[in-house]
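Undergrad: pasting the structure only:
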């Protein structure tokens, strides 16, 4: 995979340009974007009703993007989050800036050791929430969730489930019929730093807040030429595509 | 420069890891970040009272970052922008989301052909503005400014000048004593896509809005370990450092 990347670094498919010198308005870049999205779709078995967005800024930027794109999905403008360790703490800190009505579904029993969370029978559910956020693998001080045993029945079906899967994407089958949004910084399991993979159910596009920061606006990017409003990180995207191709 | 990048892609300075596999909490990454900032500082002759931030998201993300970090710099919460073509139009669209009191300093005489702007004697100046924004080279349908002839005397000295220099940075000497912030997507003149160079006068840090999106918060990043709140695009940063080193 690296060797292939190296060849193309000097001369991308005979264009005479390095991958790093391509513009995102060139055919060569369109090839990279299309290839990367196809390989990710195949590797993660993503159905047709989900869009694959290749963005910048890591999972961290999606903390902002999720609340700014989805808080208006329902009139109540509230949301639910699971607090299960460092990553969800950071996510909650960010969401608090943009949403006043947050329900913490479950808290870690001990704030320093988040390896135990309260039993699902005691989870707090907001039936009017615009979305439900979780991190499937809290690498620093928490737990990993297994989709096979996750209590999906507790979450009303009309509330999109949003999962930060940065550190365990590709290690288990994602039940797409139950998901709204899955995102992952590519540097952990899929590719290299600079490419963020965001998989969004199509019907969730179009709810961005009027003051959604431009880099967070999923719909604005999807409706730009070739789905890129500005220059993406082409080389990290290419490595992510090659890597998924290698895993397929 | 490319050849050096290729060597390190396989084995970065004998670490046995590719540059693309490094964590941003490793010594090897600290070396890349330090080297890149030093080479940029030397190449652009940046004085010590400016910080160099290596961020993601291109100049586009700085449209949001500038207004969210600087609108509170003065009590009036207003700002000034020059409209000189496509890029400043995009910048104005973004700033409008976050600031209600915007003065358009000068408009293009013809909205489609922005190669002529009104004479500086007719520029509108807001003496209470928190910042003054411009793009030094409007590549699509506008003009390039020359710092030697720019009418700095029209802008009150206590209003930070913010310049998007993506497409002409490195082509002229920047009068740092007159600047507040200079930023540039590295892919045009300095390096490769995925690395954004933001040069901020130190006293302008610390004014971020409470709802500043995390990826836009200059001060939050500067106060994170090694100045990176989350994983940066390491390889684009490295190529930018190597490229500036080559130009030095």
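TA: Ah, there it is. Note that the structure is a prediction, hence the values are computed from the model and not measured.

Undergrad: can we go C-alpha only for contacts and neighbour counts from here?
TA: Fine.

Undergrad: check which helix or strand covers the residue positioned nearest the centre of chain A.
TA: In chain A, the centroid-proximal residue (C-alpha atoms, centre = their mean) is residue A:183; its distance is 1.3 Å. According to DSSP states H and E, residue A:183 maps onto strand A:181-185.

Undergrad: ok, is that strand in contact with chain B or not?
TA: No. Using C-alpha under 8 Å from any C-alpha of the partner chain, strand A:181-185 stays clear of chain B, coming no nearer than 8.7 Å.

Undergrad: what's the answer for stretch A:201-220, then?
TA: Yes. Stretch A:201-220 lies within reach of chain B by C-alpha under 8 Å from any C-alpha, at A:210-215.

Undergrad: Could you tell me which of those residues count as buried?
TA: A:212-215 (16 or more other C-alpha atoms under 10 Å in any protein chain shown).

Undergrad: circling back: given the strand holding residue A:183, what are its sheet partners and their directions?
TA: strand A:161-164 (parallel), strand A:196-201 (antiparallel) (DSSP bridges).

Undergrad: what's the spacing between residue A:39 and residue A:191?
TA: From residue A:39 over to residue A:191 the distance is 12 Å, taken as C-alpha to C-alpha, to the nearest Å.

Undergrad: Please identify which of the two sits among more neighbours.
TA: residue A:191 (23 against 20; other C-alpha atoms under 10 Å in any protein chain shown).

Undergrad: Could you report the neighbour count for the closest residue to the more buried one other than its chain neighbours?
TA: For residue A:191, ignoring the flanking residues on the chain, the nearest one in space by C-alpha to C-alpha, 6 or more residues apart in numbering or on different chains is residue A:240 at 3.8 Å. Neighbourhood size, residue A:240 [other C-alpha under 10 Å]: 30.

Undergrad: where does residue A:240 land in three-state SS?
TA: Of the three states, residue A:240 takes helix under DSSP: H, G, I helix; E, B strand; the rest coil.

Undergrad: how close does it get to residue B:81?
TA: When distances are taken as C-alpha to C-alpha, residue A:240 and residue B:81 turn out to be 38 Å apart.

Undergrad: Mind listing residues that contact the host helix or strand of residue A:219?
TA: According to DSSP H and E, residue A:219 maps onto helix A:218-222. Contacts of helix A:218-222 with the rest of the structure, by C-alpha atoms under 8 Å, 6 or more residues apart in numbering or on different chains, involve A:53, A:65, A:69, A:205-206, A:208, A:214, A:227-229.

Undergrad: 10 Å instead?
TA: A:51-55, A:62, A:65-66, A:68-69, A:198, A:200, A:202, A:204-208, A:212, A:214-215, A:227-230 (C-alpha atoms under 10 Å, 6 or more residues apart in numbering or on different chains).

Undergrad: now these: which count as buried?
TA: Neighbour counting by 16+ other C-alpha under 10 Å classes A:51-55, A:62, A:65-66, A:68-69, A:198, A:200, A:204-208, A:212, A:214-215, A:228-230 among the contacts of helix A:218-222 as buried.

Undergrad: which residues touch residue A:29?
TA: Contacts of residue A:29 (C-alpha under 10 Å, 6+ apart): A:12, A:19, A:21-23, A:35, A:226, A:232, A:234-235, A:237-238.

Undergrad: Turn those residues into CSV, including pLDDT and secondary structure.
TA: Converted to CSV, the contacts of residue A:29 look like this (pLDDT from 0 to 100; DSSP: H, G, I helix; E, B strand; the rest coil):
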residue, pLDDT, secondary structure
A:12, 82, helix
A:19, 81, helix
A:21, 81, helix
A:22, 81, coil
A:23, 82, coil
A:35, 96, helix
A:226, 91, helix
A:232, 94, coil
A:234, 92, helix
A:235, 91, helix
A:237, 94, helix
A:238, 93, helix
